[in-house]
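# Coordinates only, no sequence provided:
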Ligand SMILES: [Ca+2]
Ligand SMILES: [Ca+2]
């Protein structure tokens, strides 16, 4: 026993140099200014001595306190093996610490340094008389920044932004954050390229004070290969829910876009622009945009894929333009047209979709060249269109008076769409349906693969008949203790 204790102690002593001497620092909102220790915390954000904070250190803010002397401007950075953490977890108060800089500081949180991890705060955007934002990740760093469980709560009366990102990096993570009451939600500055992850964020109830293209999430005019926007819920926006115009290499998956504001709404998810290519939109739900706004809009981009999405209550379910775009296994219900292809686009594939448009399931225009097949048309007995277009594969299309969907747009047990699709090589091997199920055997038509039971290599799963609410809810998130699992079950955050 003694020997074991000695060995453990020895091991800990040996490990200490590798771990470094990480220090905990404390800052209260008000009171007598101290030396930053827990016993004598700094008082007010302006009194934080950033010269003392070293890589690996943690700065704690106090729950239930409101910091309003200025914004939190991070004054130093960490390194790749020792991030600096700022977390709102100190004291016995309740609620996330609130930072409300008023007109003292333009940004409630400003990050100019790399290897910064910020957790569990509530931010009211600052205001310089012209603009302001909750968070600014500036181009002074390279985007190695994690923002987790932070809520930006605007006041619904100013043209402010939620989270402004001026630098991207594969280590950029915006997770379990909420934004409301601002004009924009999460905005990667135009022409700022690079990867990153925006996941589990809820963006809602934006302030719409003027007619402008405000978007829920925006990543435009840059090569964003490796950027993933995942499991986010966007509503109450004007402009687009998610706007990738001019962006390339972006994956949007598991997002829900719905119920925009009454302002000048453009559409749900926009991917496109003449230089835009290789975007993926999959397993998303877009609904209640109203009759003149497309659910998903290719908008001239090329070589992108929209798959396993559900769209209802929109203008056209999917607007397709641009060449070589793919539309596989979507369920497009109760919109103007299910899919509308603008004129003169070639190399387009439209397969395995359920189409039930009020004014036509699939509408093509002059000069279009579309490879179809294995689609289920509910309202029409043929493809509609104008001018001269080419549509191949129609012999394998299914015409049904009813695709027999459940109230949640899943396939009923007697749906004609079950096992009526075609396997698309290079796509179905790794595809997941709207519920996250793998596609086993012959694919079903539409966004739902109906299998009573399926095995993921570790355990059995039941077919789901309800579309799950996707994001982890940031408002109940505290201190980042919930693990976030990717689709393979791996923890994408290094939390235990
Ligand atoms: Ca837009
Ligand atoms: Ca399913």
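Here it is on my side, so go on. Since this is a predicted model, take the numbers as computed values, not measurements. Ligands and ions are numbered 1, 2, ... in the order given.

# so residue 434 touches residue 450, yeah?
No: between residue 434 and residue 450 there is no contact under Cβ atoms under 8 Å: 11.0 Å. Bear in mind the C-beta positions are built from the backbone N, C-alpha and C, glycine included.

# Give me the more crowded residue out of the two.
residue 434 (27 against 20; other Cβ atoms under 10 Å).

# so the more buried one is in which element?
Secondary-structure assignment from DSSP states H and E places residue 434 in no helical or strand segment.

# From residue 361, how far off is it?
From residue 434 over to residue 361 the distance is 20 Å, taken as Cβ to Cβ, to the nearest Å.

# Ok, residue 289 next?
As judged by Cβ to Cβ, residue 289 and residue 361 stand 18 Å apart.

# same check, this time on residue 96
Residue 96 sits at a distance of 48 Å from residue 361 (criterion: Cβ to Cβ).

# hmm, who's touching the strand or helix carrying residue 135?
Element membership for residue 135 (DSSP H and E) is strand 132-137. The contact list for strand 132-137 (Cβ atoms under 8 Å, 6 or more residues apart in numbering) reads 106-111, 123-126, 143, 145, 147, 150, 152-154, 158, 160-167, 172, 179, 182.

# number of nearby residues for residue 128?
11.

# Repeat that for the one 3 residues further on.
Using other Cβ under 10 Å, residue 131 has 16 neighbouring residues.

# so where's this structure uncertain?
Filtered on pLDDT under 70, the chain yields the residue ranges 1-20, 452, 464-496.

# how about the residues of it near ligand 2?
Contact residues, the chain versus ligand 2 (Cβ under 5 Å from the ion): 433, 435, 437, 448-449.

# How about the contacts made by the residue in the stretch 251-400 of the chain that ligand 1 sits nearest to?
Nearest residue of the stretch 251-400 of the chain to ligand 1, counting by Cβ to the ion: residue 266, 5.5 Å away. Neighbouring residues of residue 266 by Cβ under 8 Å, 6+ apart: 213, 238-240, 243, 293, 297.

# now swap in residue 380 and tell me
Counted by Cβ under 8 Å, 6+ apart, residue 380 has contacts 360-362, 399.

# Can you say which of those residues are buried?
For these, a burial check counting by 16 or more other Cβ atoms under 10 Å picks out 360-362.

# Just the ones of the residues you listed in helices?
Among the buried ones among the contacts of residue 380, DSSP state H puts none in helices.

# burial count for residue 148?
Close neighbours of residue 148, defined as other Cβ under 10 Å, add up to 26.

# quick one: contacts for it?
Counting by Cβ under 8 Å, 6+ apart, residue 148 touches 117-120, 173, 175-177, 480, 493.

# from the chain's centre, how far out does the strand holding residue 135 sit?
18 Å (Cα atoms, centre = their mean, to the nearest Å).

# Tell me which strands that strand pairs with, and in which orientation.
strand 107-111 (parallel), strand 160-165 (parallel) (DSSP bridges).

# Tabulate the ones you listed (JSON lines), appending mean neighbour count.
Formatted as JSON lines, the strands paired with strand 132-137 follow (neighbours: other Cβ atoms under 10 Å):
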{"stretch": "strand 107-111", "mean neighbour count": "27"}
{"stretch": "strand 160-165", "mean neighbour count": "26"}
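
# Pick out the most distant pair among the contacts of residue 266.
238 and 297 (15.1 Å; Cβ to Cβ).

# More neighbours: which of the two?
With neighbours defined as other Cβ under 10 Å, residue 238 and residue 297 compare such that residue 297 has more, 28 against 23.

# and the more buried one, bridged to which residues?
residue 270, residue 319.

# Report the contact partners of the residue nearest to residue 413 when sequence neighbours are not counted.
Leaving aside its sequence neighbours, residue 413 sits nearest to residue 450 (Cβ to Cβ, 6 or more residues apart in numbering; 7.6 Å). Shown in contact with residue 450 (Cβ under 8 Å, 6+ apart): 410-411, 413, 415, 418, 444, 463.

# about what we covered before: and the contacts of residue 148 as JSON lines, adding secondary structure and distance to residue 32?
Putting the contacts of residue 148 into JSON lines (DSSP: H, G, I helix; E, B strand; the rest coil; distance: Cβ to Cβ, whole Å) gives the following:
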{"residue": "117", "secondary structure": "strand", "distance to residue 32": "29"}
{"residue": "118", "secondary structure": "strand", "distance to residue 32": "26"}
{"residue": "119", "secondary structure": "strand", "distance to residue 32": "27"}
{"residue": "120", "secondary structure": "coil", "distance to residue 32": "25"}
{"residue": "173", "secondary structure": "strand", "distance to residue 32": "36"}
{"residue": "175", "secondary structure": "strand", "distance to residue 32": "36"}
{"residue": "176", "secondary structure": "coil", "distance to residue 32": "34"}
{"residue": "177", "secondary structure": "coil", "distance to residue 32": "33"}
{"residue": "480", "secondary structure": "coil", "distance to residue 32": "30"}
{"residue": "493", "secondary structure": "coil", "distance to residue 32": "37"}
